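J.: A predicted structure for the sequence below; I have some questions about it.
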Amino acid sequence: MTLTGRCLCGDVRFEVRGTPLWVGHCHCESCRRGAGAPLVTFAGYRHDQWVWTKTTPSTYVSSPGARRYFCPRCGSSVAFDSDRFPDEFHFHLALFDDPERVTPHAVFHSGERLSWMPEKLPGCAES
């Protein structure tokens, strides 16, 4: 399976190949603030499964060993990687051109969930 994605303005584009390592929703405060959303849904891929196909995004070191990638033109939050997961790169699922082809199955950092968010998300297990 090959999927493509892009930021809001289309300057940053990427392609992923194969089955993701995992797909899940993150409730952590850093992800929420980085995306301006109550949670962020990511798909994790090995480094050999993806490429930038247009502009390479800018990088922000959000905490020691953690990097957030965003479009330098429109500011869209695009991806995340961390020294904690050296073999993975995490793309924002909502930026995929066809996000319905990948289904989230996990929830991360549920202890940081906003009180008005549902405690249980359909089809997802706590990780």
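T.: Good, I have the coordinates. Only a predicted model underlies this, so the values are computations on that prediction, with no experimental measurement involved.

J.: Would you map the strands across the protein?
T.: For the chain, strands defined by DSSP state E occupy the ranges 2-6, 13-17, 22-26, 40-46, 50-52, 58-63, 66-70, 77-82, 88-92, 106-108, 125-126.

J.: Dump those to a markdown table, plus mean pLDDT.
T.: Putting these into a markdown table (pLDDT from 0 to 100) gives the following:
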| stretch | mean pLDDT |
| --- | --- |
| strand 2-6 | 98 |
| strand 13-17 | 98 |
| strand 22-26 | 96 |
| strand 40-46 | 97 |
| strand 50-52 | 98 |
| strand 58-63 | 96 |
| strand 66-70 | 97 |
| strand 77-82 | 97 |
| strand 88-92 | 98 |
| strand 106-108 | 93 |
| strand 125-126 | 79 |
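
J.: would a markdown table of the ones you listed with distance to Trp116 be doable?
T.: C-beta coordinates here come from the backbone N, C-alpha and C atoms, glycine included. Shown next, in a markdown table, are the strands of the chain (distance: least, Cβ to Cβ, whole Å):
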| stretch | distance to Trp116 |
| --- | --- |
| strand 2-6 | 28 |
| strand 13-17 | 32 |
| strand 22-26 | 15 |
| strand 40-46 | 17 |
| strand 50-52 | 34 |
| strand 58-63 | 24 |
| strand 66-70 | 24 |
| strand 77-82 | 22 |
| strand 88-92 | 22 |
| strand 106-108 | 16 |
| strand 125-126 | 19 |
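
J.: and these as JSON lines, adding distance to Pro99 and mean neighbour count?
T.: Formatted as JSON lines, the strands of the chain follow (distance: least, Cβ to Cβ, whole Å; neighbours: other Cβ atoms under 10 Å):
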{"stretch": "strand 2-6", "distance to Pro99": "8", "mean neighbour count": "17"}
{"stretch": "strand 13-17", "distance to Pro99": "12", "mean neighbour count": "18"}
{"stretch": "strand 22-26", "distance to Pro99": "10", "mean neighbour count": "21"}
{"stretch": "strand 40-46", "distance to Pro99": "8", "mean neighbour count": "22"}
{"stretch": "strand 50-52", "distance to Pro99": "15", "mean neighbour count": "15"}
{"stretch": "strand 58-63", "distance to Pro99": "23", "mean neighbour count": "12"}
{"stretch": "strand 66-70", "distance to Pro99": "18", "mean neighbour count": "20"}
{"stretch": "strand 77-82", "distance to Pro99": "14", "mean neighbour count": "22"}
{"stretch": "strand 88-92", "distance to Pro99": "9", "mean neighbour count": "23"}
{"stretch": "strand 106-108", "distance to Pro99": "16", "mean neighbour count": "19"}
{"stretch": "strand 125-126", "distance to Pro99": "20", "mean neighbour count": "11"}
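
J.: Thanks a lot, see you next time.
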